[in-house]
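>>> My questions are about this predicted structure, shown below with the sequence.
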Amino acid sequence: MLVRTNAIVLRRMRYSDTSIIATLLTEERGVESILAKGARSPKSRLAAMLEPLEQIEVQYYVKPGRELQLLRTAERTLLRRSIQSSFEHTVAALRIAELVLRLELPGHSHAEVFELVEETLVALDMTQSATTAFPIAFALRYAAVHGFSLQFNALDTLPPGNQSQPFILRLDRGTFEPVSDEVAHRGSHSDEVSRVDVQLLDHRTIVALKTLGHAPLDHLGFEQFDSTVIETCSRIVERYLEFHFERRLRRG
């Protein structure tokens, strides 16, 4: 069967002296591994089309039961100038691709995931700053697409002006819950905190997570995020995804 679909290149690797195996996120069929025969030969244009983060239209042959499909053609459909030329943009985009590679099941079509990756990369490519925010923003939206949205109702229950209240994140429920002064004083190693396997979180971090998860992606470049808060948000979201998808996100 010949399939024609839009795709985003997540990863590529050499195969033999002249060929390439590319892992694609396709609009029609989810994550697919494709063999591009002769792609590394001097006269082939396919190698340029199969660079990570390229957006392309592909045609490939699918054989039921075969894990590696055979590429027929590939054509670039969108040029992402900042992602291809800026180190910071490239790193942020590769983190998004890595998350999809680790969490998305091959061969399972999920149109919302493709749309989310496409939308995030477009916004990232257009921004001039705050590139480190985009992988976190993507991860929060990715969790929501799969039914694991973080809930921020706890912020609405705080008395006006009370921003010193510490919280813990219930990984199983995706909710932030206030903790007592006694538990907060004992710190992250208290029994109540260790049960949910996260550190104590302050108001500023939770507000940042809410902004990252709900602000329009094309507005993130205008937000001001403290680097320490971004690092904390990244760790929290990583552990949240690992809990719900039951997979490790970090190597080693």
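Arrived safely, thanks for sending. Numbering: from 1, shown residues only.
>>> Does anything pack onto the longest helix seen in the chain? Which helices or strands?
Here the longest helix in the chain is taken by residue count, with DSSP state H as the criterion, and it is helix 227-245. Packed against helix 227-245 by the contact rule (3 or more CB pairs under 8 Å, 6 or more residues apart in numbering; DSSP states H and E) you find helix 87-103, helix 133-145, helix 203-214. All C-beta atoms are positioned from the backbone trio N, CA, C, and that covers glycine.
>>> hmm, 7 Å instead?
helix 133-145, helix 203-214 (3 or more CB pairs under 7 Å, 6 or more residues apart in numbering; DSSP states H and E).
>>> tell me the most buried of those?
Relative to the other members of the helices and strands packed on helix 227-245, helix 133-145 carries the highest mean neighbour count by mean count of other CB atoms under 10 Å, namely a mean of 22.
>>> could you pull out the helices for the chain?
Taking DSSP H as the criterion, the chain contains helices spanning 46-49, 81-85, 87-103, 111-126, 133-145, 181-186, 191-194, 203-214, 227-245.
>>> circling back: tell me which residues in the longest helix of the chain are buried?
229-230, 232-234, 236-245 (16 or more other CB atoms under 10 Å).
>>> And the pLDDT for the closest residue to residue 242 other than its chain neighbours?
Across the structure, with CB to CB, 6 or more residues apart in numbering as the measure, the residue nearest residue 242 apart from its sequence neighbours is residue 249 (5.7 Å). In this prediction, residue 249 carries a pLDDT score of 79.
>>> For the stretch 101-250 of the chain, which residues score under the pLDDT cut-off?
157-163, 180-199, 250 (pLDDT under 70).
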